[in-house]
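In: Show me how the following folds:
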Amino acid sequence: MTGRTSETDVALMERVREDDEPAFALLYQRYTGKLQNFFYALGRETDTAEDLAQDTFMRVWRLRRRYAATGPFPAYLFAIARFVWLEHCRRMGREARLGSRFDLDGPTPITPAAPAPRPDERAEQAEEDARVRAVLDAVLDALPDDQRMALVLRIMEGLSLEETASVLQCPVNTVRSRRLAALKKLREALRKHRIHGNARWPQ
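Out: Numbers count the residues shown, from 1 in each chain. Alright, predicted model coming up:
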């Protein structure tokens, strides 16, 4: 069992292509949380995120015979997830929205637990979190869909530029320009409201 759990994603997906259900279960364990985070970041609805993650894996299984190991598995998986999301948006008749918790320069590092804040400090932090959330919501809601998706895949899911370009079906330079354009708008809004760009965004 240990040898199987250490198999690469591509090796597992090649087994899935041959109807190997245990291999599919391992991929599900590895990526269901990432998919739920991806969908939650776009729509901020926990139940919907869970449903769409399930839908994505159902499609992976249905399309298994068409799989070709031509690139990293995450790019393949999130390409399907992107289609599921766009289909969901069309079905709901509304635009996607990106979650408010965001680090402009990359994933937030894990830091040691700090001493519990005083009540007055908690109140001040809650007020600041609400201010950050309001600013980010306003800016992110105004971003074009392609810029939002590029930010989610690059910053929150950690895909490379090449993988993000594969998911979005566009050139790498296009991904880079979309990300930079979105970050510029976010930073301008944060500076305007005197919010530090490296803040830890509220959930």
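
In: Could you pull out the helices in the chain for me?
Out: 2-5, 9-17, 21-43, 46-62, 73-92, 119-142, 145-151, 161-168, 172-192 (DSSP state H).

In: tell me the average confidence for the first one?
Out: For helix 2-5, the mean pLDDT works out to 54.

In: Pull up the gap between the spatially closest residue to residue 15 that is not a sequence neighbour and residue 9, please.
Out: Spatially, and ignoring its direct neighbours in sequence, residue 15 is nearest to residue 23 (3.7 Å; Cβ to Cβ, 6 or more residues apart in numbering). Backbone N, C-alpha and C define where each C-beta goes, glycine included. As for residue 23, its distance to residue 9 is 10 Å (criterion: Cβ to Cβ, to the nearest Å).

In: what about the two, which has more around it?
Out: A direct count of neighbours by other Cβ atoms under 10 Å for residue 23 and residue 9 places residue 23 higher, at 20 against 17.

In: thinking the more buried one is in contact with residue 10, fair?
Out: No: applying Cβ atoms under 8 Å as the test, residue 23 and residue 10 come out as separate, 11.0 Å apart.

In: Could you list the low-pLDDT ranges of the protein?
Out: 1-5, 94-118, 121-122, 125-126, 128-129, 131-133, 135-141, 193-203 (pLDDT under 70).

In: switch to 80 and redo it
Out: Along the chain, segments meeting pLDDT under 80 span 1-6, 41, 44, 93-145, 155-156, 186, 189-203.

In: Which segments of it make up each domain?
Out: The chain resolves into domains spanning 2-92, 119-192 when parsed by automatic domain parsing.

In: Contacts for stretch 22-29 next, please.
Out: By Cβ atoms under 8 Å, 6 or more residues apart in numbering, the residues outside stretch 22-29 that reach it are 4-5, 7, 9, 12-13, 15-16, 57, 60-61, 64, 73.

In: All good on my end, thank you.
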